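Enquirer: Generate a structure from the sequence data that follows.
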Amino acid sequence: MSELQELAPGLYRWSARHPDAEPDPQPGTPADWGPDVGSVAYVASDAVILVDPLLPAEQPDFLDPLVGRTGGRVAILTTLAFHRRSRDELTARFGASTSRAKRILPAGVETIPIRGAGEVMVWIGEHRALVPGDRLLGDDRGGLRLCPESWLRYLPSKIDQAGLREALRPLLDLPVEMVLVSHGEPVLRNGRDALKRALTT
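Expert: I've put the predicted structure just below:
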């Protein structure tokens with residue numbers, strides 16, 4: 001059973017089993033990711049923001065209490081095409097918006113396109129929290145790592161890991177405290193240091 005973990009006032013993360021995860025993927029392949037993936041909810045002043053939400057299969061009404069408590073509008077942000085997950089179901093349920101257009105983003109939320117990487121990360125300034133999609137992963141040692149090279153091969157830009165490091169380097173200008181990854185364990189403290197290590201190793 002999934003649970004909302006409150007990381008800071010109004011900032012939540014949960015994980016759910018992804019139905020398309022392979023049980024025993026080959027390391028370094030496009031299928032090399034764990035079956036449980038993370039999603040983020042943030043209660044802003046004017047909306048509830050859901051980033052890459054995946055509803056637990058056994059709890060389709062999982063987010064209803066959170067949305068019901070706030071009573072505001074719901075905005076769903078998707079970091080990349082593969083993370084649509086439960087977006088359509090939740091859009092229908094809550095009448096949510098799905099646009100990443102800056103003029104309609106909820107207060108305190110910014111999007112950060114990663115040039116050539118096919119991804120738009122989410123920045124929640126109040127909590128200094130960065131929410132990536134597939135380009136930054138938990139490294140199972142409390143830090144971060146880049147996605148495998150094989151995860152980049154479908155991109156028209158032909159970006160490789162060296163190019164990805166350069167594309168991600170501007171993130172070091174942000175005062176990152178948390179990095180709430182989709183794959184692996186999130187970094188909840190000293191996120192900028194973890195990011196810097198990931199970009200230099």
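Enquirer: can you count the residues close to V109?
Expert: Per other CB atoms under 10 Å, the neighbour tally for V109 reads 22. (Glycine included, C-beta is placed from N, CA and C.)
Enquirer: ah, wrong one, I meant P27
Expert: P27 has 8 neighbours, counted by other CB under 10 Å.
Enquirer: cool, and L105?
Expert: Look at L105: counted by other CB under 10 Å, it has 20 neighbours.
Enquirer: now do P56
Expert: The burial count for P56: 18, using other CB under 10 Å.
Enquirer: residues of stretch 81-99 that come out buried?
Expert: For stretch 81-99, a neighbour-count test (16 or more other CB atoms under 10 Å) marks 82-83, 85-87, 90, 93-94, 96-97 as buried.
Enquirer: Same check on stretch 113-121?
Expert: Along stretch 113-121, these residues count as buried under the neighbour rule (16+ other CB under 10 Å): 114, 116-121.
Enquirer: Stretch 157-174 now?
Expert: Quick answer for stretch 157-174 (16+ other CB under 10 Å): 159, 163-164, 167-168, 171, 174.
Enquirer: Okay, E89 and P53: tell me how far apart.
Expert: For E89, the distance to P53 (CB to CB, to the nearest Å) stands at 9 Å.
Enquirer: Identify all contacting residues around whatever helix or strand L130 lives in.
Expert: Element membership for L130 (DSSP states H and E) is strand 129-131. Residues from elsewhere that reach strand 129-131 (CB atoms under 8 Å, 6 or more residues apart in numbering): 7-8, 11, 40, 42, 51-52, 79, 112, 121-124, 171, 174, 176-180, 191, 195.
Enquirer: Now do stretch 139-154: everything it contacts.
Expert: 28-30, 32, 117-118, 134-138, 159-161, 164-165, 168, 179, 181, 184-185, 187, 194-195, 197-199.
Enquirer: Fine by me, we can end here.
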